[in-house]
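Trainee: Sequence plus predicted model, see below.
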Amino acid sequence: MRCTRISGVGSSNPAGGALARYNASIMEKQSQHTVSLFYLRGFAAPSGDAILWQYTKGGSRPRRVSPRAAAAEHRFYSIEREDGTWDDAFEDWLAGVERAAANPIRELAAGRELDGDERWIVAYFIGLAFLRVRGYAKHAAGEKAKLEKPEVTLAFLEKSQISRRFPAEVVQRFRDEILLRGRGVSLSPKFYLELVPLRATKYAKLITEMDWTVYRSRTDFFVTSDNPAFARRPDSLADPGLVGLERKDLGVELGFPLSRDSLLLVHWGNLRVGYQRAAPSRVRELNRRTILSAHEHVYSPERSNTIEALMEEHSDFRLSYPVH
């Protein structure tokens, strides 16, 4: 029996409606956004259908996509259990953060000052934006291979407190077993998800302490990407990730597009604080930084020759890690 037939029963059938909602919730769990859905909707065209133009680095012509289809991956955060069921705890946790952050981000984009709690949750959301995306997952996969090497595990064992907490014979047996099997610790493919909340807190503390400038434009638009947060020294567009963010002397500017009309720059006093009107040249430069930081896709409210030219100019650039 096809579920589509059952869920297609008229809305007057309570059982059919409940099953349709259940099927929809299952599909939503399977399709997980690496960039928040509410956030992507803020970059859709203001009139007509909620549509984004998706540009691909080094790829084909831009195409129209819905925010629901953009930056969506099948079970990206889910962990399969031994019995074949799925653990969606991380996705559920992300949903809670998104619910808390959605309104403060909209308010900041619209021009309202935030209180301390709102500022913190926006900072935390931006910290997460560095860590929840596909580019960081790819980096973590490479780190997993390194961490599982026996020499890395043995070096960690020597430097950590573990060797002092257990009897010498137990530690020696552990060393012998590592050498015998020729590999170190065995990590889950998505082991890095456990580290995300702590690292996001570290970034949020920094971001909260820094000065905030929101650029707004009435005539031009800002774009976002599948890796929306970027950190750049003004004189070095090729900086990776959060490099040197804690160094006040480097003049690092952390950017995060808030909506099609506004973009947040976080800095150590390099710029005027508060809301500033962005000239077309400033919008173009900030969009260039967003495009540079994109892993693969850039999302725009309109199809634009300017954005296409910037995509072509930076088609070969890929963000490097680690994120410090």
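Mentor: Sure, I can see it.
Trainee: so how far is Ala137 from Lys146?
Mentor: Relative to Ala137, Lys146 is positioned 15 Å away (CB to CB, to the nearest Å). Using the backbone N, CA and C atoms, a C-beta is placed for each residue, glycine as well.
Trainee: okay, the two: which has more neighbours?
Mentor: Neighbours per residue (other CB atoms under 10 Å) separate Lys146 from Ala137, with Ala137 holding more: 19 against 10.
Trainee: Give me the phi and psi for the more buried one.
Mentor: Main-chain torsions, Ala137, degrees, to the nearest 10: phi -60, psi -40.
Trainee: so it makes contact with Phe191?
Mentor: No: using CB atoms under 8 Å, Ala137 makes no contact with Phe191, being 10.9 Å away.
Trainee: How about the spatially most central residue of the chain: what's its closest non-neighbour residue?
Mentor: Centroid-nearest residue in the chain, with CA atoms, centre = their mean: Ala129, separated by 3.0 Å. Computed as CB to CB, 6 or more residues apart in numbering, the closest residue to Ala129 that is not its neighbour in sequence is Ala229, at 4.0 Å.
Trainee: can you tell me the helix or strand for the residue of the chain positioned farthest from its centre?
Mentor: Relative to the mean C-alpha coordinate of the chain, counting by CA atoms, centre = their mean, the farthest residue is Glu169 (44.5 Å). Assigned by DSSP states H and E, Glu169 belongs to helix 168-181.
Trainee: pLDDT (mean, whole number) over that helix?
Mentor: Mean per-residue pLDDT for helix 168-181: 75.
Trainee: Quick one: the helices in the protein, in order.
Mentor: Assigned by DSSP state H, the chain shows helices spanning 3-7, 14-30, 37-41, 89-110, 116-131, 134-147, 150-159, 162-165, 168-181, 196-209, 280-293, 305-313.
Trainee: Would you mind saying which of the ones you listed lies nearest Ala70?
Mentor: Among these, the nearest to Ala70 by CB to CB is helix 37-41 (5.4 Å).
Trainee: where does this structure dip in pLDDT?
Mentor: The model of the chain has pLDDT under 70 over residues 1-29, 48, 156-157, 159-166, 183, 185, 237-244, 320-324.
Trainee: one step back: out of the helices of the chain, nearest to Trp268?
Mentor: Of all these, helix 196-209 comes closest under CB to CB, at 9.0 Å.
Trainee: okay, the angle between the closest one and helix 89-110?
Mentor: Angle of helix 196-209 versus helix 89-110, following axes from the mean of the first three to the mean of the last three CA atoms, to 10 degrees, is 20 degrees.
Trainee: Tell me the buried residues in helix 196-209?
Mentor: Within helix 196-209, the residues that count as buried by 16 or more other CB atoms under 10 Å are 196, 199-200, 203-204, 206-208.
Trainee: returning to that earlier point: including distance to Pro67, could the helices of the chain go into CSV?
Mentor: Listed next are these as CSV, based on distance: least, CB to CB, whole Å:
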stretch, distance to Pro67
helix 3-7, 23
helix 14-30, 13
helix 37-41, 4
helix 89-110, 13
helix 116-131, 16
helix 134-147, 17
helix 150-159, 41
helix 162-165, 46
helix 168-181, 47
helix 196-209, 23
helix 280-293, 17
helix 305-313, 17
